[in-house]
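Enquirer: Just the structure for this:
(one chain, ligands or ions: 1)
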Amino acid sequence: MDGPMTPDSHPSEWTPDQIRRRAAELGPWFHNMQLKGVWTAPDHFLGDYPAAKWRCYADALPHDLRGKTVLDIGCNGGFFSLEMKRRGADRVLGIDFDEDYLAQARFAADVEGLDIEFRRLSVYDVARLGERFDIVFFIGVFYHLRHPLLALDLVHEHVARDLVVFQSLQRGTTEIAPVAADYDFSETAHFDDPGYPRMHFIEHRYAHDPTNWWAPNRACTEAMLRSAGFEILNRPEEETYLCRRVARSDKEYGAVYPAQGMHA
Ligand SMILES: C[S@@+](CC[C@H](N)C(=O)[O-])C[C@H]1O[C@@H](n2cnc3c(N)ncnc32)[C@H](O)[C@@H]1O
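Expert: Numbers count the residues shown, from 1 in each chain. All right, here's what the predicted structure looks like:
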C-alpha cells in the first residue's frame, strides 16, 4: 500500500507488514500491544507493558462480561478496552483527551476486529456521558491530574455503577498508620507519622514527566478511595485496587464544581 493509511483506506484484513507500518505512523505508543503478532512498541522501556501488569490481576475480574458495560478512563492505546471486549462486554467505551492515543486505540480495535467506542473526553467531563457503567477502569490517570480527588468524586457521582479498577503511582511508605476518628487541635504528632495519609505534590517534574502532579502513599490512596465512596475489595497488585462503588453514608460531600462564570 502506498502513502499513509487513513481510517477510510484501512484494509479489511490487515497483514503484519501493514500493521507494522501503520503502528509506526501512529507512534510513539505507551501501550506495547501485540496486534496479530506485531508489537506496537517493540522497544518499550517497560517491555511487555501493560500486559505484564495486567496478568497480575486479570483473574480479579469476571472472565465473562456478557451483559456488562465498561468505561476505560484514560484509555490510551486501548489495551484494557480491548481486553474487556475480548471478555464479551456488551459495550466498551474508552475515553482519553489525547487524540493521538485515541487514534492508536481505534486502530488496535480495528485490527483485532473488536467493536469498541473511543471518544475524546476528559475525566472531568464524565457527567456528559449520562450513563453508568458496570466496570470502570481508572488506572494510571489519578496522579496525572491536578485535581485528582475531584475526578474520583465525579466518577462516583456520574459513571460508576459497581466495580472500579483503580491504580495510582504511589510513593512513601506502604505502612498504614491507625487513624483515629478525631483529634484535638493540640495533637499534631500523627501528621508526622509516615503512614498517615499523605500526598506528595510535584511542583516540577518526576520521572521527567511534567504531568506527574501527585504521588500519594498507600494510606492516602486507600483513604481517598474510601472517602470518595469506593469500598476496597482487594489489592491484587501493589498499586492496583479492585473497588465497589457504595453509597456515601455520613460524608455526603459530592463533587465540587468550580464556578463557570455568569453565563455557564
Ligand atoms: C499513564 S497513561 C495510562 C494509560 C492506561 N490507563 C494505563 O493504565 O495503561 C495516562 C493516560 O491518561 C490520559 N489522561 C490524562 N489526563 C486525562 C484527563 N483529564 N482525562 C482523560 N484522560 C486523561 C492520558 O492522555 C494518557 O493516555
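Enquirer: which bits of the stretch 101-250 of the chain sit near the ligand?
Expert: Tyr101, Ser122, Val123, Tyr124, Ile139, Gly140, Val141, His144, Leu145 (C-beta under 6 Å from any ligand atom). No exception for glycine: its C-beta is placed from N, CA and C like everyone else's.
Enquirer: Could you list which of those residues belong to strands?
Expert: Taking DSSP state E, the ones among those that sit in strands are Ile139.
Enquirer: Make a ChimeraX selection of whichever of the residues of the stretch 101-250 of the chain next to the ligand turn out to be buried.
Expert: Command for ChimeraX, covering only those of these found buried under the criterion 16 or more other C-beta atoms under 10 Å:
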select :101,123,124,139,140,141,144,145
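Enquirer: any chance of the residues of the stretch 101-250 of the chain next to the ligand in JSON lines, plus pLDDT?
Expert: Below are those laid out as JSON lines (pLDDT from 0 to 100):
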{"residue": "Tyr101", "pLDDT": "98"}
{"residue": "Ser122", "pLDDT": "97"}
{"residue": "Val123", "pLDDT": "97"}
{"residue": "Tyr124", "pLDDT": "96"}
{"residue": "Ile139", "pLDDT": "98"}
{"residue": "Gly140", "pLDDT": "98"}
{"residue": "Val141", "pLDDT": "98"}
{"residue": "His144", "pLDDT": "98"}
{"residue": "Leu145", "pLDDT": "98"}
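Enquirer: For the ligand, state which of the residues of the stretch 101-250 of the chain next to the ligand is nearest.
Expert: Minimum separation from the ligand among these (C-beta to the nearest ligand atom) is found for Gly140, which lies at 2.8 Å.
Enquirer: That closest one is in contact with Gly77, isn't it?
Expert: No - contact between Gly140 and Gly77 fails when scored by C-beta atoms under 8 Å: they sit 11.5 Å apart.
Enquirer: who touches the helix or strand hosting Leu149?
Expert: According to DSSP states H and E, Leu149 maps onto helix 148-154. Residues from elsewhere that reach helix 148-154, judged by C-beta atoms under 8 Å, 6 or more residues apart in numbering: 123-124, 126-127, 138, 141-142, 145, 168, 213-214, 224-225, 227-228, 230, 253-256.
Enquirer: what are the bridge partners for Glu69, then?
Expert: Rather than Glu, residue 69 is Thr. When bridges are called by DSSP bridges, Thr69 pairs up with Arg91.
Enquirer: Could you double-check that it lies in contact with Gly88?
Expert: No - the pair Thr69 / Gly88 is not scored as a contact, 11.7 Å apart, by C-beta under 8 Å.
Enquirer: quick one: low-confidence ranges for the stretch 1-150 of the chain?
Expert: For the stretch 1-150 of the chain, applying pLDDT under 70 flags the ranges 1-11.
Enquirer: re the thing from before, and Thr69 and Gly88? Which one has more around it.
Expert: Between Thr69 and Gly88, Thr69 has the larger neighbour count (other C-beta atoms under 10 Å), namely 18 against 13.
Enquirer: Please tell me how far that one sits from the ligand.
Expert: Per C-beta to the nearest ligand atom, to the nearest Å, Thr69 is found 18 Å from the ligand.
Enquirer: mind listing the strands for the stretch 51-200 of the chain?
Expert: Applying DSSP state E, counting those that start in this stretch to the stretch 51-200 of the chain gives strands spanning 69-73, 91-96, 117-120, 133-139, 160-167, 199-201.
Enquirer: export those strands to TSV and tack on distance to Gly27?
Expert: As requested, the strands of the stretch 51-200 of the chain are arranged in TSV below (distance: least, C-beta to C-beta, whole Å):
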stretch	distance to Gly27
strand 69-73	20
strand 91-96	16
strand 117-120	17
strand 133-139	22
strand 160-167	24
strand 199-201	32
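Enquirer: which one of these lies closest to Glu238?
Expert: Glu238 lies closest to strand 160-167 among the strands of the stretch 51-200 of the chain, at 9.3 Å (C-beta to C-beta).
Enquirer: Leaving aside the residues adjacent along the chain, what's closest to Cys243?
Expert: Once flanking residues are discounted, Cys243 sits nearest to Phe230: 3.9 Å by C-beta to C-beta, 6 or more residues apart in numbering.
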